[in-house]
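J.: this is the structure alone, sequence omitted:
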Ligand code: HEM
């Protein structure tokens, strides 16, 4: 009897709370077209369950990319969950994206979305306000032309290691069962070498002779187990589960490795400063910048934990995003051999028979266009989450009549989702949105939302594009890329089947098999 009363009271309490949510929804976002569903897409339940008519899930912006905003003049809708979660505004209006991410905007990153990304201390991705300003001020100067040159050279070195260690040098055809494995390694190693000053070899065994994890296995395990690390309660580590044991080992080893790396670097930099004076300008890796900052300027000083957290977040921010986009680029080039040939001719025209160098980066704009186009079609960062800290209004001009301005009132606390997939597939911004057209980026990249915009634009975007252009230029110069079709399958069907995105923390793919054939000059 008692439990029935308790249950009844609980259900009543829940029903009243939900009713208040509906009333609030109607007051704050009632004027926008909306979708009713059971669970909010970003709630744990909604995000875990598959995308269906009753649960948008994480994939719905991609699945409904052609229709979601069709009847929304301001290119903005609401998602109204009946059972779990709050109503969110989803917008694919480029101007909304600009206003929300602009300098001085009243929108901030909600803490919940970035909690998983803080490890030991806060960092440039997860923080807001003065803490973020400080981290960005210390880290941003490390992303300079010397760094980008190092990214180019490291990528070329990695390409050479692939040819050598994967035995491509002796082959005319190389079949790869899943290109993601290779692009993940390239992305991770470039960050480890250029970001952290950790030298890495392509074929190092996962453990050394003493049974300790090799540096790359350690970094790889840390990078690919962020959610497990942040969400597993401490007591579970004592159960002896093999995966958790490995994660624990890798994280512990990473922390002690980084402490040692910091103190060694401090000794080296102090000696260098005694001999050469201010060496700041000459430092081209992010890690040394962070260590050097605390030797030079009290205000910019970071603790060991802050340095480790900021280095760690570079691996997370730049690893999977980069790997998926590069995999997507290679696959799309395989799907469209005519575009691939055009890009090859462009490379030949720019190089005129010599090896590509960092100085060619600006001229290789069609190669860069391939990467941007893959990022547009399969944006690894597929949405941005922001909360309003004050009441405000988004003023959005109509695309067909810019003198008509739609005004969307936003109340303090309202969550706004910047739908990058929606922007990238908006035919008013990108005509023929489904087509793979790298040349569309040769005029302007103003509408690319995949690296975000405004003061919090991706710090590693040029890092990523230099790496991509170096890798793609070498690869396309030496090889053609093809896709292994199933019996009777067309290339477009292959694209729909294999490049059907898997959506989690980032948007990526399942196995992407590709076939490389050596070009004979
Ligand atoms: C194709 C590759 C990449 C994509 C698509 C990408 C995308 C993004 C996006 C959308 C944001 C904004 C996130 C938000 O505000 O919620 C961001 C931020 C960031 N990215 Fe990237 N990123 C890429 C590569 C990289 C690389 C290679 C690095 C580092 C080496 C990096 C470092 C960062 C950092 C530090 C931030 C935080 C900036 C701040 O808040 O001030 N990213 N990235």
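T.: Okay, I see it. The model shown is predicted, which means the values in this text are computed figures rather than measured ones. Residues are numbered from 1 along each chain as shown.
J.: near the ligand, which residues of the protein are found?
T.: Contact residues (CB under 6 Å from any ligand atom) of the chain with the ligand: 109, 124-125, 136, 191, 195, 314, 317-318, 321-322, 325, 375, 380-381, 384, 450-452, 456, 458-460, 463-464. C-beta here means a position set from N, CA and C on the backbone, and glycine is covered the same way.
J.: pick out the residue of the chain closest to the ligand.
T.: In the chain, the residue that lies nearest the ligand is residue 460 (2.0 Å; CB to the nearest ligand atom).
J.: rewinding a little: mark which of the residues of the chain next to the ligand are buried, thanks.
T.: 109, 124-125, 191, 195, 314, 317-318, 321-322, 325, 375, 380-381, 384, 450-452, 456, 458-460, 463-464 (16 or more other CB atoms under 10 Å).
J.: quick one: secondary structure of the residue most central in space within the chain?
T.: Centroid check for the chain by CA atoms, centre = their mean gives residue 321 as the closest residue, at 3.4 Å. At residue 321 the chain is in helix, as set by DSSP: H, G, I helix; E, B strand; the rest coil.
J.: before we move on, what about residue 515?
T.: Under three-state DSSP, the three-state class of residue 515 is strand.
J.: domain assignment for this structure?
T.: 1-91, 136-378+451-518 (automatic domain parsing).
J.: make a markdown table from these and add distance to residue 401 to it.
T.: Below are the domains of the chain laid out as a markdown table (distance: least, CB to CB, whole Å):
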| stretch | distance to residue 401 |
| --- | --- |
| domain 1-91 | 10 |
| domain 136-378+451-518 | 24 |
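J.: my guess is the residue nearest to the centre of the chain contacts residue 468. True?
T.: No - at 11.3 Å, residue 321 does not count as touching residue 468 under the criterion of CB atoms under 8 Å.
J.: pLDDT weak spots in this structure?
T.: For the chain, the stretches with pLDDT under 70 are 1, 14-15, 18-30, 521.
J.: for the lengthiest strand in it, the distance to its chain's centre please.
T.: In the chain, taking DSSP state E as the definition, the longest strand is strand 76-84. Between the centre of strand 76-84 and the centre of its chain there are 25 Å (CA atoms, centre = their mean, to the nearest Å).
J.: pairing partners for that strand, with directions?
T.: Strand 76-84 has its sheet partners listed here by DSSP bridges as strand 34-39 (parallel), strand 88-91 (antiparallel).
J.: hey, which of the ones you listed is tucked in deepest?
T.: Stretch with highest mean neighbour count among those: strand 88-91 (a mean of 25; mean count of other CB atoms under 10 Å).
J.: how far does it sit from its chain's centre?
T.: Distance of strand 88-91 from the chain centroid (CA atoms, centre = their mean) equals 20 Å.
J.: what sits up against that strand?
T.: With contacts defined as CB atoms under 8 Å, 6 or more residues apart in numbering, strand 88-91 is touched by 29, 32, 40-42, 61, 68, 74-79, 97, 394, 408, 410, 414-419, 422.
J.: again with stretch 226-239
T.: 115-117, 119, 222, 243-245, 247-248, 251, 316, 505.
J.: name the residues that touch stretch 118-127?
T.: Stretch 118-127 has contacts (CB under 8 Å, 6+ apart) with 109, 114-115, 117, 131-132, 135-136, 139, 226, 229-230, 255, 303, 305-306, 308-310, 312-313, 316-317, 459.
J.: and the residues you listed, which of them are buried?
T.: Here, 16+ other CB under 10 Å leaves 109, 114, 117, 132, 135, 139, 226, 229, 255, 305-306, 308-310, 312-313, 316-317, 459 buried among those.
J.: point out the ones among the residues you listed that are inside helices.
T.: With DSSP state H as the criterion, helices contain 114, 132, 135, 139, 226, 229, 255, 305-306, 308-310, 312-313, 316-317 from among these.
J.: show me where this structure has its strands.
T.: Counting by DSSP E, the strands of the chain are 34-39, 76-84, 88-91, 107-108, 173-176, 383-388, 392-397, 405-410, 415-419, 479-482, 502-503, 507-508, 514-518.
J.: buried residues in the second one?
T.: It stands for strand 76-84. Buried residues in strand 76-84 (16+ other CB under 10 Å): 76-81.
J.: give me the contacts around it.
T.: Residues outside strand 76-84 that contact it (CB under 8 Å, 6+ apart): 18, 22, 25, 29, 32-41, 43, 45-46, 56, 68-69, 87-93, 96, 394, 396, 406, 408.
J.: what's the closest non-adjacent residue to the residue nearest to the centre of the chain?
T.: residue 380 (4.0 Å; CB to CB, 6 or more residues apart in numbering).
J.: surely that neighbour meets residue 452?
T.: No - judged on CB under 8 Å, residue 380 makes no contact with residue 452 at a distance of 11.8 Å.
J.: mutual contacts of these two, please.
T.: Common neighbours of residue 380 and residue 452 (CB under 8 Å, 6+ apart) do not exist.
J.: sorry, back to before: could you pull up the contacting residues of the closest residue to the residue of the chain closest to the ligand other than its chain neighbours?
T.: Excluding its sequence neighbours, the residue lying closest to residue 460 (CB to CB, 6+ apart) is residue 318, at 4.6 Å. Listed by CB under 8 Å, 6+ apart, the contact set of residue 318 reads 187, 191, 195, 460, 463-464.
J.: greatest separation within those: which pair is it?
T.: Using CB to CB, the contacts of residue 318 reach their maximum pairwise distance at 195 and 464, which is 11.8 Å.
J.: understood, closing this out.
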